[in-house]
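> Structure for this input, please:
(one chain, ligands or ions: 1)
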Amino acid sequence: MPEDVFGIGIESSCDETGIAIVKNGTQIIANPIFSQIDLHKFYGGVVPEMASRMHMEKFPALLEKIMQEYRKEFFRASYIAVTVRPGLVGSLFVGYYLALGIKNVLGIPIIPAHHLEAHFYSGALNGEKIEYPFIGLLLSGGNSSIYKVSGIGKMELMGDTLDDACGEAFDKAASLLGLQYPGGPEIESRAREFQVDNATEIAGKIKNPLPELLKNQNQDQFNFSFSGIKTALYYYLKSNPDYNINYLCWCFQERIINAISKNVINALKATNIKNLVAGGGVMSNQTLRTRILKICEERNVKFICPPPRLCTDNGAMIGALGYYYFRENLILPYEKVISSKTELLGIL
Ligand code: KG4
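The predicted structure follows:
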């Protein structure tokens, strides 16, 4: 194995088009990303066909940029990691065929990457050392899950969402409140405004008309359910047309963060694991990050969470994950990684 290993990471599972060059799984050489948010905003969510067409349109320019500015590193790459699941099938195909093209030119292996696993290696790009076992907390627009991770490809699903994903809940609530897609950042900034303006009242416990989530969940269960709060919000808005939007954003965010905190505490308690690694777009939320950090500090647990720009989808995290597979010489066939069994059983 060469002293310095360069790898290419390709991401196109949803609405971010990304191609990156990563060194030794820890250093980002280049990570251009094209976000399609402005395109999908109009529809209030991601339109799959438009997403794949946009990947086709944007990949050539991103590749060109990398080839021009980082030609030397590109030609030194030892592997190409590419997201093959989960994601929108047309979008995944665009990324995979780009990887096949690069493989034909460079003659290096393709490492098919599981997108959710890759989120956990974003922290490594921020100088953090990933140690096993860890509890993996993944909160994004399409997934909300808790894993017990004991090594590369060894992910045991502990809890999942029974209905909506966490980011999806933020997006749907924002839409009910007349806010733009993606809803998470909008709700967070309004909740923060409310918090700043009402610090005293909040400290003295303020009434929250939205229902507490996971109220009847036992300590040995780690699933999420986010659809009920959306319905409750809908009926609240109907019967309170003069609602205060910032207050409701705060109420909604509080309920969501409390549910996540409950599951995190339960998972740490049940496993006695002392590492928590988080990722996914929702983890950009500062209030959530602060709350989870506090939970970890109180329990002497090491908390790794990438900076917000690396919480959302990007090519570098795919390249980072690819490095660990490459280092272990785990070049799994495409068919094995996309097999539906891997979702529940872990990749290996
Ligand atoms: O991981 P991600 O970039 O990609 C997909 O899953 O597609 O996550 C996007 C999701 C969106 O639902 C968005 O509303 C949510 O992450 N999100 C947030 C915040 N920033 C993004 N949710 C809560 N608070 C935020 N600050």
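
> right, and F224 touches G167 too?
No. Here F224 does not reach G167: they are 11.6 Å apart, not a contact under CB atoms under 8 Å. (Each C-beta comes from the backbone N, C-alpha and C, glycine too.)

> what's the overlap in contacts for these two?
Residues touching both F224 and G167 (CB atoms under 8 Å, 6 or more residues apart in numbering): S144.

> where does the residue in the stretch 51-200 of the chain that the ligand sits nearest to land on pLDDT?
The nearest approach of the stretch 51-200 of the chain to the ligand comes at G184, 2.0 Å away (CB to the nearest ligand atom). Model confidence at G184, expressed as pLDDT, equals 97.

> what about the helix or strand hosting it, distance to the chain center?
Mapping G184 onto the secondary structure by DSSP states H and E places it in helix 183-197. Distance, stretch centre to chain centre, for helix 183-197: 21 Å (CA atoms, centre = their mean, to the nearest Å).

> The residue of the stretch 51-200 of the chain closest to the ligand and Q286 touch, don't they?
No. Taking CB under 8 Å as the contact criterion, G184 and Q286 are not neighbours in contact, 11.2 Å apart.

> okay, those two: which has more neighbours?
Between G184 and Q286, counted using other CB atoms under 10 Å, G184 has the larger neighbour count: 28 against 12.

> where in the stretch 201-348 of the chain is pLDDT low?
By pLDDT under 70, the low-scoring segments of the stretch 201-348 of the chain are 340-348.

> can you tell me how far the nearest residue to P109 once chain neighbours are set aside sits from the ligand?
Nearest-residue entry for P109: I331, 5.0 Å, with adjacent residues in sequence omitted and distances by CB to CB, 6 or more residues apart in numbering. When CB to the nearest ligand atom, to the nearest Å is applied, the distance between I331 and the ligand equals 26 Å.

> Now for I331: which residues touch it?
Taking CB under 8 Å, 6+ apart, we find I331 in contact with Y79, P109, I111, Y325.

> List the residues that contact R327.
With contacts defined as CB under 8 Å, 6+ apart, the neighbours of R327 are M1, V5, G25.

> The same query, at a cut-off of 7 Å, please.
R327 sits next to M1 when contact means CB atoms under 7 Å, 6 or more residues apart in numbering.

> and what of I146?
So, once contact is read as CB under 7 Å, 6+ apart, I146 ends up touching I135, L137, M158, G159, F222, N263, A267.

> and the helix holding G184, which residues are buried?
Neighbour counts over helix 183-197 (16 or more other CB atoms under 10 Å) mark G183, G184, P185, E186, I187, E188, R190, A191, R192, F194, Q195 as buried.
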